[in-house]
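Peer 1: Any chance you could fold what I've pasted below:
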Amino acid sequence: MMTRLFLLALLLTGFTVRAETTTTIATGLDYSTGNYGTSTSTTIVYIPVILKTQFDYSYLKLTVPYISVSSAGGVVSGMGPIKKTVSTKVTTNSGLGDVVATAGYTVYETQQLALDIAGNIKFGTADADRNLGTGRNDYSAQLDGFYSVDRLTWFATGGYKIVGEPEGTNLNNIFYGTLGGSGKLSEASSAGAMLNAAQSSSDAAAAPLDLTFFASRKFNKTNRFQLGFLMGLSDASPDLGLNVMVSGSL
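Peer 2: Numbers count the residues shown, from 1 in each chain. Now for the predicted structure:
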């Protein structure tokens, strides 16, 4: 499943004003902690830089993250536990996370409704030996929908991911999805919530499920600040999470 910052970034891509080609940059911090059904706590700090170029009805996006994981092992960011471990010694490792490339296209759009299709490649650039990722590529395709009525915007994502298997593990390809809504508090501010779910990618864990509440403040067409708070609803998700994101044009 995608990281929460990546999911929140969907809100920055809906109902784009059609104009000349624009490039935006976003960054933020995603902090999460939880036991994931084990006897030890795992804490993950994820700091991405997201570069997006919007064309008329298509876009390209590149996410390059830094990640820090404090864990006894077995837990992977965005997936939860992928293998059982008997260790209780918590160690901290950090470095380059998994680079993600995305291409999307708006297949249908009216004043109220927009439908995008997108393909994602998660390159296994995070070091699996240091528990920063699986070290394998993942491939996914998804449909993103946005529906706006009055001061409310409803959004949903549904996708399928082909999961790369590191040596010594048996992982499953998964369906994943998001349902949420956002309401305008003013012309510049909004708040909302979204439910994120996915099938379990490993027999060692339950299916990920979490709920995120968020608020955002828009300073102009491209500059935005967003804050989110996460509550985990399964052992494959963190217990709690906090994330912030800022974006602006280049």
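
Peer 1: just the helices in the chain please.
Peer 2: 4-8 (DSSP state H).

Peer 1: got any ranges where it has weak pLDDT?
Peer 2: Residues of the chain that meet the criterion pLDDT under 70 lie in 1-19, 85-86.

Peer 1: ok, now with 50
Peer 2: Within the chain, the ranges that satisfy pLDDT under 50 run 1-2, 13-15, 17.

Peer 1: Can you list the buried residues in stretch 25-43?
Peer 2: Applying a neighbour-count criterion of 16 or more other C-beta atoms under 10 Å, one finds 26-28, 30-34, 36, 38, 40-43 buried in stretch 25-43. Yep, even glycine has a C-beta here, placed from its N, CA and C like the rest.

Peer 1: residue contacts, the nearest residue to Asp235 once chain neighbours are set aside?
Peer 2: The shortest distance from Asp235 to any non-neighbouring residue, by C-beta to C-beta, 6 or more residues apart in numbering, is to Gly37 (3.3 Å). Going by C-beta atoms under 8 Å, 6 or more residues apart in numbering, Gly37 touches 81, 205-206, 235-236.

Peer 1: and these, which two are the farthest apart?
Peer 2: Taking C-beta to C-beta as the measure, the contacts of Gly37 span a maximum distance of 8.7 Å, between Pro81 and Ala206.

Peer 1: More neighbours: those two, which one.
Peer 2: Pro81 (23 against 16; other C-beta atoms under 10 Å).

Peer 1: Which residues does that one form beta bridges with?
Peer 2: Beta-bridge partners for Pro81, by DSSP bridges, are Val75.

Peer 1: Do I have it right that it meets Pro208?
Peer 2: No. With contacts counted by C-beta atoms under 8 Å, Pro81 stays clear of Pro208, the gap being 10.2 Å.

Peer 1: So which of the buried residues of stretch 25-43 sit within strands?
Peer 2: Using DSSP state E, 26-28, 30-34, 42-43 are the members of the buried residues of stretch 25-43 that sit in strands.

Peer 1: Columns distance to Thr222 on top of these, output as CSV?
Peer 2: Putting those into CSV (distance: C-beta to C-beta, whole Å) gives the following:
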residue, distance to Thr222
Ala26, 10
Thr27, 14
Gly28, 15
Asp30, 21
Tyr31, 25
Ser32, 28
Thr33, 32
Gly34, 34
Thr42, 35
Thr43, 32
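
Peer 1: sorry, back to before: show me which of the buried residues of stretch 25-43 is closest to Asn137.
Peer 2: For the buried residues of stretch 25-43, the minimum distance to Asn137 (C-beta to C-beta) is 21.5 Å, reached by Asp30.
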